[in-house]
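S.K.: How does the following fold in three dimensions:
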Amino acid sequence: MPPEEKSLRSRKKARTRRQIADAAATLFAAKGYDEVTVSDVARLAEVSEQTVYNFFSSKEQLVLNEDAAFEARLIKTLRERPNGKSLADGVRADVHSFLDRLKGWPEGPQNKGGMPYLIIVSPTLRRAWLEAVDRYSDCAAGVLVEAS
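M.R.: The predicted structure is shown next:
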């Protein structure tokens, strides 16, 4: 749905979510993931700490907020790949496309607050990312079992 067709409430929620995510990226870039608290993010975003948790279930989700979208995209890629295209080629192309899109966010000096960089430098986030990858593997296996 084009932005102009969304309700005022939907646009406000999307704006607040983006405001929180941008504040988190700014702080993570400046201080590092492990040094930033959810309270710090709330303060910079000018929202309550509870509002941050209304949009992001955990501090990790401030970075891995594309997790559910990635999982859904992976399942769709597996189910809808063209006949004759190998599973590995389909997944590889889609994963690279997804990561290329993410590596540029956020733009500018906040980039060190983005997912690829933070996963590299934070053991906490690396563990969360590896848990997500395990979940993706389980989902992929389930789709492949369905298809066979």
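S.K.: quick one: average pLDDT of stretch 60-69?
M.R.: Averaging pLDDT along stretch 60-69 yields 82.
S.K.: Now do it: distance from first to last residue.
M.R.: Start and end residues of stretch 60-69 are separated by 15 Å (CA to CA, to the nearest Å).
S.K.: ok, residues contacting that stretch?
M.R.: With contact meaning CB atoms under 8 Å, 6 or more residues apart in numbering, stretch 60-69 is reached by 20-21, 24, 28, 33, 38, 41, 52, 56, 98, 102, 114-115, 118-119, 124-125, 128-129, 132. Any C-beta I mention is one placed from the backbone N, CA and C, and that applies to glycine too.
S.K.: Buried residues, stretch 87-95. List them.
M.R.: G90, V91, D94 (16 or more other CB atoms under 10 Å).
S.K.: How about the contacts made by the second one?
M.R.: Which is V91. L74, T77, L78, A140.
S.K.: now, the most widely separated pair of the residues you listed?
M.R.: Using CB to CB, those span at most 9.3 Å, a distance reached by T77 and A140.
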